[in-house]
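J.: Quick one: sequence plus predicted model below, questions after.
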Amino acid sequence: MKGSKNGWTLLLLILAGVVLGGFIGNMAANVPGLSWLNYGQSFGLEEPIVLSLGLIVLTFGLSIQITLASIIGIVLAILIYRWI
């Protein structure tokens, strides 16, 4: 099983680490001893870009919020990937 590692597994684990880390960070925001987990930075487009083509209207937008909990989740995901 060790030889069957691939990039998709790593990507899936990293995405799971980001999602779970962000969830834990949001849940710990109001806990006095754990509020530091929600400390982070948000970046991206403030207003979405709208492309109107007459019949079709496309809206593009991207906003990313990186917190300490999501960084910890990424590190744990990489460690789990190396372990499996």
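T.: That came through, no problem.

J.: can you give me the helices for the protein?
T.: Assignment of helices within the chain using DSSP state H yields the ranges 7-27, 68-83.

J.: Got the confidence number for Ser4?
T.: pLDDT for Ser4: 64.

J.: and if you look at Asn38?
T.: Here, the pLDDT recorded for Asn38 equals 87.

J.: Who does Leu58 form a beta bridge with?
T.: With DSSP bridges applied, Leu58 shows beta-bridge pairing to Leu51.

J.: Based on its surroundings, how many neighbours for it?
T.: As a burial measure, Leu58 scores 10 neighbours (other C-beta atoms under 10 Å). The way it works is simple: take the backbone N, C-alpha and C, and place the C-beta from them, glycine included.

J.: Tell me where the model's unsure across the protein.
T.: Applying pLDDT under 70 to the chain flags the ranges 1-4.

J.: what's the spatially most central residue of the chain in contact with, if anything?
T.: Taking C-alpha atoms, centre = their mean as the criterion, Val18 is the residue nearest the geometric centre of the chain, at 3.4 Å. Contacts for Val18 were tallied using C-beta atoms under 8 Å, 6 or more residues apart in numbering; they are 70, 73-74.

J.: now do Leu51
T.: Residues near Leu51 by C-beta under 8 Å, 6+ apart: 57-60.

J.: Output those as JSON lines; include the columns distance to Ile80.
T.: Listed next are those as JSON lines, based on distance: C-beta to C-beta, whole Å:
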{"residue": "Val57", "distance to Ile80": "41"}
{"residue": "Leu58", "distance to Ile80": "37"}
{"residue": "Thr59", "distance to Ile80": "36"}
{"residue": "Phe60", "distance to Ile80": "33"}
